[in-house]
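[1] Generate coordinates for the sequence data below:
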Amino acid sequence: MNVTSRLAFFLALLSAAPAIAQQNALIKPGIQHTISLNAYADNWCVIFINGKMVAADSIDFLPHNQITVKILPEYPMTIAVLAKDNADPATGLEYGTQIGDAGFILKLGDGTVTNASWKAKNFFKGPLNSDIRNPVVQHTPIPANWYAVDFDDSAWEFATEYTAARVGPDGDYVASSFTGAQFIWTSDLNLDNTVIFRTTVPKPANYVKAWNTTPDLNVGNLPQELLPTTTTTGGTGSDAGQFVNLSTRAFVGTADGVLIPGLVIGGTTSKRVLVRAVGPTLTGFGVTGVLADPTLTVFRGTTTVATNDNWQEQTDSASVATASAASGAFALPAGSKDSALVLTLTPGAYTFRVAGAGGSTGVALVEVYAVP
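    Got it, this is the predicted structure:
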């Protein structure tokens, strides 16, 4: 290569350098790359896209609320939605005496809409046989990672479409936001109360991702971070992952505002548990506005398993103190108005209703411990 050729070669490299640098530079996504998401649920929903939570109804159940947010689409795009109707966990009824209906609708700015091609599966049904006088419900445990991209929903049924007239949307609902979309639910709009929907939107033919960077912000563990405190053993073999303790603290109101967490015992073996509703003792931990006199009732379906108001006012109150020490729970002071029970529960679904004696309200902690 002569001097002239070498000079031309190096000049060509220099002229190409900005283009090469530009190709290697990080390109940050902008608002122009986002699309709109509109969703409406009767009564509530949370939405995940590609395993990340992107939207949740900020109003619990009433009034009905339309969600409108911007999302950054990446294809293929897996959408997973958990939708709930307003239904008492113990009876399946709303407002104490009624059978409600439900419905969910969604539309994305790329044209994705809800329709009968989505998968749908129910996890809470009731009252069975529409019996409002003797209501019985059926709870199915919600599977882990139901929102994940690789979750297998192949065995699920397809969603059923419903007209807006059948669902009867009210509150903050703008029909023009959902042109082309259909209301969906399972085949039982009245009795199915907790439903998960899933679909995957394929990569459009001419789609080219316009950015090449990912955020440093990590929200991948958000679903676990939002759950109530749960502790499991770190053992191996048959002991690995056994339930040890579940607890959650919340404000306890009246009527539909009481605290009702749930627990499902699997397998074929009964479990001995300590269940506590702690109110006044929380003041010792710096909690204010506590529920002064909590009452605790344990249900299996609509059947009352046991109830307590004031932990020492029961035949075998000593078992509560013994079980608390054995399971690592903090001690309840003698004579306190906290409630507690030691029970042997057979496999099945249970709910724990915490309310205030005489209609009182305040902050309470409900705990369930496995008793060694």
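[2] Render the CA-only coordinates of stretch 344-352 in CSV, please.
    Provided in CSV are the C-alpha atoms of stretch 344-352 (Å, rounded to 0.1, in the frame of the first residue of the first chain):
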residue,chain,number,x,y,z
THR,A,344,-55.1,-28.1,65.1
LEU,A,345,-56.3,-27.4,61.5
THR,A,346,-56.9,-30.1,58.9
PRO,A,347,-55.9,-29.4,55.3
GLY,A,348,-58.0,-26.8,53.6
ALA,A,349,-58.6,-23.0,53.3
TYR,A,350,-59.1,-20.8,56.3
THR,A,351,-59.8,-17.2,57.0
PHE,A,352,-59.0,-15.2,60.2
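[3] mind checking how far that stretch is from the chain centre?
    Centroid separation for stretch 344-352 versus its chain: 20 Å, with Cα atoms, centre = their mean, to the nearest Å.
[4] buried ones in it?
    345, 349, 350, 351, 352 (16 or more other Cβ atoms under 10 Å). (C-beta placed from N, C-alpha, C; glycine too.)
[5] for residue 284, phi and psi?
    phi -70, psi -10 (degrees, to the nearest 10).
[6] sorry, back to before: quick one: which of the buried residues of stretch 344-352 is nearest residue 137?
    The shortest approach to residue 137 among those belongs to residue 349, at 8.4 Å (Cβ to Cβ).
[7] Does anything pack onto the helix or strand hosting the closest one? Which helices or strands?
    Using DSSP states H and E, residue 349 falls within strand 348-356. Counting contacts by 3 or more Cβ pairs under 8 Å, 6 or more residues apart in numbering; DSSP states H and E, strand 348-356 packs against strand 243-252, strand 262-265, strand 271-278, strand 294-300, strand 362-370.
[8] Can you tell me which of the ones you listed is nearest to residue 147?
    strand 262-265 (19.2 Å).
[9] by contact count, what packs against the closest one?
    strand 348-356.
[10] Could you point out the helix or strand that follows the one helix or strand residue 165 maps to?
    Under the criterion of DSSP H and E, residue 165 resides in helix 164-167. Where DSSP H and E defines the elements, the next helix or strand beyond helix 164-167 is strand 183-185.
[11] which residues touch the helix or strand following that following strand?
    Next helix or strand after strand 183-185 toward the C-terminus (DSSP H and E): strand 192-201. Contacts to strand 192-201, defined as Cβ atoms under 8 Å, 6 or more residues apart in numbering, come from residues 75-85, 87, 92, 100, 102, 104, 108, 110, 112, 114, 117-126, 142, 146, 151, 153, 156, 159, 184-186.
[12] Buried residues of strand 192-201, list them for me.
    192, 193, 194, 195, 196, 197, 198, 199, 201.
[13] ok, what's across the strand from the first one?
    Read that as residue 192. residue 125 (DSSP bridges).
[14] how distant is the strand holding residue 349 from the center of its chain?
    That offset, for strand 348-356, works out to 18 Å (Cα atoms, centre = their mean).
[15] Also stretch 122-142?
    Worked out by Cα atoms, centre = their mean, stretch 122-142 lies 19 Å from the chain centre.
[16] Would you mind writing the CA trace of that stretch as CSV?
    The C-alpha trace of stretch 122-142 is given here as CSV (Å, rounded to 0.1, in the frame of the first residue of the first chain):
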residue,chain,number,x,y,z
ASN,A,122,-60.9,-18.5,38.6
PHE,A,123,-59.5,-18.9,42.1
PHE,A,124,-62.4,-17.8,44.4
LYS,A,125,-66.0,-19.0,43.7
GLY,A,126,-69.1,-18.3,45.8
PRO,A,127,-71.6,-18.5,47.0
LEU,A,128,-71.8,-22.0,45.5
ASN,A,129,-75.1,-22.8,43.8
SER,A,130,-76.0,-19.1,44.3
ASP,A,131,-77.2,-20.0,47.8
ILE,A,132,-77.3,-16.7,49.7
ARG,A,133,-79.0,-18.1,52.8
ASN,A,134,-76.3,-20.7,53.5
PRO,A,135,-73.3,-19.4,51.5
VAL,A,136,-70.4,-21.7,50.9
VAL,A,137,-67.3,-20.6,49.0
GLN,A,138,-64.4,-22.4,47.3
HIS,A,139,-60.9,-20.9,47.4
THR,A,140,-58.1,-22.2,45.1
PRO,A,141,-54.5,-21.2,46.0
ILE,A,142,-53.1,-18.7,43.5
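[17] Now it: buried residues?
    Quick answer for stretch 122-142 (16+ other Cβ under 10 Å): 122, 123, 124, 125, 126, 127, 135, 136, 137, 138, 139.
[18] and if you look at stretch 55-71?
    Neighbour count says stretch 55-71 has 55, 57, 61, 64, 65, 66, 67, 71 buried, by 16+ other Cβ under 10 Å.
[19] Secondary structure added to the residues you listed, as CSV?
    CSV is the format used below for the buried residues of stretch 55-71 (DSSP: H, G, I helix; E, B strand; the rest coil):
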residue, secondary structure
55, strand
57, coil
61, coil
64, coil
65, strand
66, strand
67, strand
71, strand
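[20] Farthest pair within these?
    61 and 71 (24.1 Å).
[21] Mean pLDDT per helix and strand in this structure: which one sits at the bottom?
    Ranked by mean pLDDT, DSSP states H and E, the weakest helix or strand in the chain is strand 229-232, scoring a mean of 41.
[22] hmm, back to that, where among the helices and strands packed on strand 348-356 is average confidence lowest?
    Lowest mean pLDDT within these: strand 243-252, a mean of 79.
[23] Determine the set of other helices and strands touching that one.
    Against strand 243-252 (3+ Cβ pairs under 8 Å, 6+ apart) you get strand 229-232, strand 348-356, strand 362-370.
[24] for the protein, which spans come out with low pLDDT?
    Residues of the chain that meet the criterion pLDDT under 70 lie in 1-24, 61-62, 218-244.
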